[in-house]
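> quick one, fold the following:
(one chain, ligands or ions: 1)
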Amino acid sequence: MKYQFGVIGAGSIARKRHLPELLDNPHVKIAAICDANLSRAKEMTSLYGGKAFSDYRDLIALKKLDAVIVCATNTTHAEMTIAALEAGKHVLCEKPMATTLADARAMIETAERCGKFLMIAHNQRLAPACVKAREILRSGKLGKVLTFQTVFGHPGCEYWAIDAGRTWFFNKQVAGLGVMGDLGIHKIDLVRWMLEDEFCEAAAMAGTLGKVDADGNQISVEDNALCLFKTRKGVIGTVTVSWTYQKEDNSTIFYCEKGVLRIYAHPEYQLIVDYSDTEGEYHKVGEIPTNVKQVKSGIVDLFVDSLMNNKPPEITGEDGYKALEAVMACFEAVASKRVVSIG
Ligand SMILES: NC(=O)c1ccc[n+]([C@@H]2O[C@H](COP(=O)([O-])OP(=O)(O)OC[C@H]3O[C@@H](n4cnc5c(N)ncnc54)[C@H](O)[C@@H]3O)[C@@H](O)[C@H]2O)c1
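Numbering: from 1, shown residues only. Predicted coordinates for the structure are as follows:
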């Protein structure tokens, strides 16, 4: 049996990740693709098959669909996800899962009420060096993590998104959140997962330092942020995000009692385990998808695996909520210039 999939949003992430990864999965049939810009949906159905729609409600009305990937603009995620769940579809929703915590909670509750799976596309957890690094942390070889620093910066969404110079990512009305909701949320999820811990306090500074829109006006969301977090287990660390780094940085470093774990922090060795008393171990374990080079993320396979085995998704709505909650705490910290409690 093949799972019939619909994809809502035929922009960059659908083109570079979801559609190729759906095509690559032997248990999937791409049955429908929707974009508010119908020609984009048609362009994709001509490559991948299925029926093209411009209104997502027509797509989710298709009885044969088992599952939907929601990958349109941020502020549409909650409405589309809730409608798809209520129409009896399982949903893989892109990050940020929503732009308000109330919407995120409503998505989780709808999935529970409808008995359908909701998974959030926090794909960084699946990158090979992150998987291996977590195993090392779990083994206890490095002792406890004391501090961390994680960075996600690239030149900006205008080099990624389908509308390039006029991208919605820079418009608060449509994006809801700026670089913290776009890149910070990835790193917050990654660190929560790697540490098996929750963030409990946040402090932050953020600003619009470099980006202007196609008309030369400063964009309406932040393009840089530096956030400080404390976890319930007492780990402290920084999450630094930027849309103005001229070269991509996607690195995460854990400073532990017995050494340092460096993830995607070296151009050749994706994982370096630097024990305090021996030579470092340099591992080539596989790349992480970047804006300039997409490697398979594995997110579609993980979602399909959960459908096939009827087991709840590994990256849950609650995970998406927790990451969004930490982002919201940072916004509050920026506005109040205070340390904010989370949860
Ligand atoms: N997981 C990741 O690494 C990752 C990477 C990039 C983007 N994303 C997320 O994926 C989502 C899409 O980002 P993108 O980079 O593809 O943006 P994009 O601008 O390239 O594409 C978005 C598409 O959505 C369409 N759209 C907008 N409103 C719509 C509606 N109401 N109905 C149907 N289609 C609609 C637009 O016409 C556009 O084609 C965002 O939420 C973004 O944060 C995730």
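
> drop to CA atoms for contacts and neighbour counts, all remaining ones
Will do.

> burial measure for residue 290, as a count.
Using other CA atoms under 10 Å, residue 290 has 12 neighbouring residues.

> who touches it in this structure?
The neighbours of residue 290, taking CA atoms under 8 Å, 6 or more residues apart in numbering as the test, are residue 248.

> residue 47: how many residues sit nearby?
9.

> what packs against the one helix or strand it maps to?
In the assignment (DSSP states H and E), residue 47 maps to helix 38-48. Judged by 3 or more CA pairs under 8 Å, 6 or more residues apart in numbering; DSSP states H and E, helix 38-48 is in contact with strand 28-34, strand 51-53.

> in the stretch 201-343 of the chain, which spans are strands?
Taking DSSP state E, counting those that start in this stretch as the test, the strands found in the stretch 201-343 of the chain are 224-231, 236-242, 252-256, 259-263, 271-275, 281-283, 340-341.

> tell me which of the helices and strands packed on helix 38-48 sits nearest to the ligand.
Closest approach to the ligand among the helices and strands packed on helix 38-48 (CA to the nearest ligand atom): strand 28-34, 5.6 Å.

> each with direction, which strands does that closest one pair with?
strand 3-8 (parallel), strand 51-53 (parallel) (DSSP bridges).

> which residues touch it?
2-10, 22-23, 41-42, 44-45, 48-56, 59, 65, 304.

> would a markdown table of the strands of the stretch 201-343 of the chain with distance to the ligand be doable?
Output for those, formatted as a markdown table (distance: least, CA to the nearest ligand atom, whole Å):
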| stretch | distance to the ligand |
| --- | --- |
| strand 224-231 | 16 |
| strand 236-242 | 14 |
| strand 252-256 | 16 |
| strand 259-263 | 17 |
| strand 271-275 | 20 |
| strand 281-283 | 23 |
| strand 340-341 | 25 |
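
> what would the ones you listed look like in JSON lines with mean pLDDT and mean neighbour count?
Formatted as JSON lines, these follow (pLDDT from 0 to 100; neighbours: other CA atoms under 10 Å):
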{"stretch": "strand 224-231", "mean pLDDT": "98", "mean neighbour count": "22"}
{"stretch": "strand 236-242", "mean pLDDT": "98", "mean neighbour count": "24"}
{"stretch": "strand 252-256", "mean pLDDT": "98", "mean neighbour count": "22"}
{"stretch": "strand 259-263", "mean pLDDT": "98", "mean neighbour count": "23"}
{"stretch": "strand 271-275", "mean pLDDT": "97", "mean neighbour count": "21"}
{"stretch": "strand 281-283", "mean pLDDT": "96", "mean neighbour count": "14"}
{"stretch": "strand 340-341", "mean pLDDT": "98", "mean neighbour count": "19"}
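
> can I get those strands in JSON lines with distance to residue 138?
Converted to JSON lines, the strands of the stretch 201-343 of the chain look like this (distance: least, CA to CA, whole Å):
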{"stretch": "strand 224-231", "distance to residue 138": "17"}
{"stretch": "strand 236-242", "distance to residue 138": "18"}
{"stretch": "strand 252-256", "distance to residue 138": "12"}
{"stretch": "strand 259-263", "distance to residue 138": "12"}
{"stretch": "strand 271-275", "distance to residue 138": "14"}
{"stretch": "strand 281-283", "distance to residue 138": "17"}
{"stretch": "strand 340-341", "distance to residue 138": "27"}
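
> and the pLDDT at residue 290?
Here, the pLDDT recorded for residue 290 equals 82.

> contacts with the ligand among the contacts of strand 28-34, please.
Under the cut-off given by CA under 6 Å from any ligand atom, the ligand has 8-10, 55-56 from the contacts of strand 28-34 close to it.

> apart from its chain neighbours, what residue comes closest to the residue sitting nearest the centre point of the chain?
The centre of the chain sits closest to residue 122, judged by CA atoms, centre = their mean, with a distance of 3.7 Å. Nearest non-adjacent residue to residue 122, counting by CA to CA, 6 or more residues apart in numbering: residue 186, 6.1 Å away.

> up against the ligand, what does the stretch 101-250 of the chain have?
121-123, 161-163, 182.

> switch to 8 Å and redo it
Applying CA under 8 Å from any ligand atom, we find that the stretch 101-250 of the chain lies next to the ligand at 121-124, 157, 160-164, 167-169, 175, 181-182, 186.

> report the buried members of the residues you listed.
Neighbour-count burial (16 or more other CA atoms under 10 Å) is assigned, among these, to 121-124, 157, 160-162, 167-169, 175, 181-182, 186.
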